[in-house]
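*Asks:* Need a 3D model of the following:
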Amino acid sequence: MDIARLAAGACLVLALAGCADHTGLPAVEPPSEVAAQDSSATSPHTAFGAQRVWANGMAVTVSPPSSLKPSDTSFPKSPRTAVFTLTLVNGTTVPYRTNQLVVRASVNGEQAAEVRDSVQGLGGVAAAVAEVAAGGETVLTVAFAVPEHTVPIRVAVEPNGAGQEPRAVFEGTG
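*Replies:* Next up is the predicted model:
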């Protein structure tokens, strides 16, 4: 009988604890989530070579493209490859997991295919390190299939996954 009363009392305490007012407690951010973009950003697009910093300290820079002739082993085949260096700085207080990172490019409004070329060391986003420590940074190289002539290019970086905020769009020609 005493065990039954003890169990009933424990259930009552747990039920009341769940009903407590939790307002005013700080929200806990998931470990590898990048905070929404700082509202002070005036342009939806950033020039290649400039750094985009989010409110939580995460920052990304996409270099201006360099042009490369694809090797015989590159996939997919294209007349030319635009190569970008992406620098990701984790200015947050928690590790960032790069398996969420999505980098896409568009040329003249059409999505460009990411090129992998092992002969030229282009492993793509999948070749990124697994985790960037708080205060650390990583550099990776990405390449996209482009026409032979110079074209306008946009590169979208989504640190929390495809279609998730925040997002930085870099643009220029290449």
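*Asks:* I'd say Thr98 and Ala130 touch.
*Replies:* Yes - counting by Cβ atoms under 8 Å, Thr98 touches Ala130, with 6.4 Å between them. All C-beta atoms are positioned from the backbone trio N, CA, C, and that covers glycine.
*Asks:* who's more crowded, the two?
*Replies:* When neighbours are counted by other Cβ atoms under 10 Å, Thr98 comes out ahead of the other of Thr98 and Ala130, with 19 against 9.
*Asks:* got the contact list for the more buried one?
*Replies:* Contacts for Thr98 (Cβ atoms under 8 Å, 6 or more residues apart in numbering) come out as 88, 125, 128-132, 138.
*Asks:* hey, where'd the helices end up in this protein?
*Replies:* Per DSSP state H, the chain carries helices over the ranges 2-18.
*Asks:* Low-confidence stretches in the protein?
*Replies:* The chain contains residues with pLDDT under 70 at 1-43.
*Asks:* For this structure, just list every one of the strands.
*Replies:* 45-47, 51-53, 58-62, 66-68, 80-90, 96-97, 102-107, 110-112, 131-132, 137-146, 152-158, 168-173 (DSSP state E).
*Asks:* If we go by neighbour counts, what in the fifth one is buried?
*Replies:* Along strand 80-90, these residues count as buried under the neighbour rule (16 or more other Cβ atoms under 10 Å): 80-84, 86, 88-90.
*Asks:* And for stretch 154-166?
*Replies:* Applying 16+ other Cβ under 10 Å to stretch 154-166 flags 154-160, 166 as buried.
*Asks:* The nearest residue to Val125 once chain neighbours are set aside and Glu148, how far apart?
*Replies:* Excluding the flanking residues, the one nearest Val125 by Cβ to Cβ, 6 or more residues apart in numbering is Val103, at 5.2 Å. Counting by Cβ to Cβ, to the nearest Å, the gap from Val103 to Glu148 is 23 Å.
*Asks:* Then Val157?
*Replies:* Here Val157 is placed at a distance of 26 Å from Glu148 (Cβ to Cβ).
*Asks:* how close does Thr141 sit to Glu114?
*Replies:* Using Cβ to Cβ, we find Thr141 at a distance of 11 Å from Glu114.
*Asks:* ugh, typo on my part, it should be Ala145
*Replies:* Distance of Ala145 to Glu114, given as Cβ to Cβ: 8 Å.
*Asks:* same question, Val146
*Replies:* The value you get for Val146 to Glu114, if Cβ to Cβ is used, is 12 Å.
*Asks:* surely Ser74 meets Gly124?
*Replies:* No - taking contacts as Cβ under 8 Å, Ser74 lies outside contact range of Gly124: 11.3 Å.
*Asks:* These two: who's more crowded?
*Replies:* Neighbours per residue, other Cβ under 10 Å: of Ser74 and Gly124, the larger number sits with Ser74, 20 against 16.
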